[in-house]
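K.L.:
My questions are about this predicted structure, shown below with the sequence.
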Amino acid sequence: IVIILKVTVKDFGSFSRKVDLFEEKNLTNPPRDFSSFFVQIWPLGQFPFASGTFCSFFFFLLGFYLNIYFGWQYTIATSLILIFIGLWTTKIYIGGNVNSDPKEVVIDEASGQLIASAAAGNNIYLHIIAFLLFRFFDITKLGPIRYVEYKGGAFGIMFDDILAGLISAFLILIINFYLL
């Protein structure tokens, strides 16, 4: 992603400098501990802007390919693994600061996006809609998603995105069965 951005935006001034700084600062200095590596899905969580969206996009692509080559069951299994790893490592990463949701923690976006992608099956258009729905619910935090986020701690960080993924998956299933 960084290489593509560098090639396409090499003459865009401050944006190009941000990408260069990101590359120099973060790609040459990997996380020092186990929990940082996993919660950031290094280096996705260190992206200088919209790290959650970049992580969701990466896992949108991964979910699509997992569905095609292995089936939706493997996509869900991968999401469940990320949920368990995410709960454990996020608790370690945030320590006693239970009211924070650091922007570099993106393992929650990964697991939520994989849930939404699993419902989309092999249809690329449903995957795109799942990605857009997931980002919409993740950013707006409508209704119960906001409530879950306010629970705080590793639970709040992880489960607001898991709930956004579940709502997106439910809507994708409705679209798939009733509109297609």
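P.N.:
Noted; the coordinates are in hand.

K.L.:
and Phe70, backbone torsions?
P.N.:
Backbone torsions of Phe70, given as degrees, to the nearest 10, read phi -130, psi -20.

K.L.:
what's near enough to touch it?
P.N.:
Contacts for Phe70 (Cβ atoms under 8 Å, 6 or more residues apart in numbering) come out as none. Glycine gets a C-beta too; all of them are placed from N, C-alpha and C.

K.L.:
again with Tyr74
P.N.:
Leu66.

K.L.:
where's it, which helix or strand?
P.N.:
Assigned by DSSP states H and E, Tyr74 falls within helix 72-94.

K.L.:
Show me where this protein has its helices.
P.N.:
For the chain, applying DSSP state H gives helices covering 2-8, 14-22, 34-39, 51-69, 72-94, 107-120, 124-140, 144-149, 153-174.

K.L.:
which of those helices is buried the deepest?
P.N.:
For these, the largest average neighbour count (mean count of other Cβ atoms under 10 Å) is found in helix 107-120, namely a mean of 29.

K.L.:
measure the residue nearest the centre of the chain to Ile76 for me?
P.N.:
By Cα atoms, centre = their mean, the chain has its centre lying nearest to Glu109, at 2.4 Å. Using Cβ to Cβ, to the nearest Å, Glu109 is found at 16 Å from Ile76.
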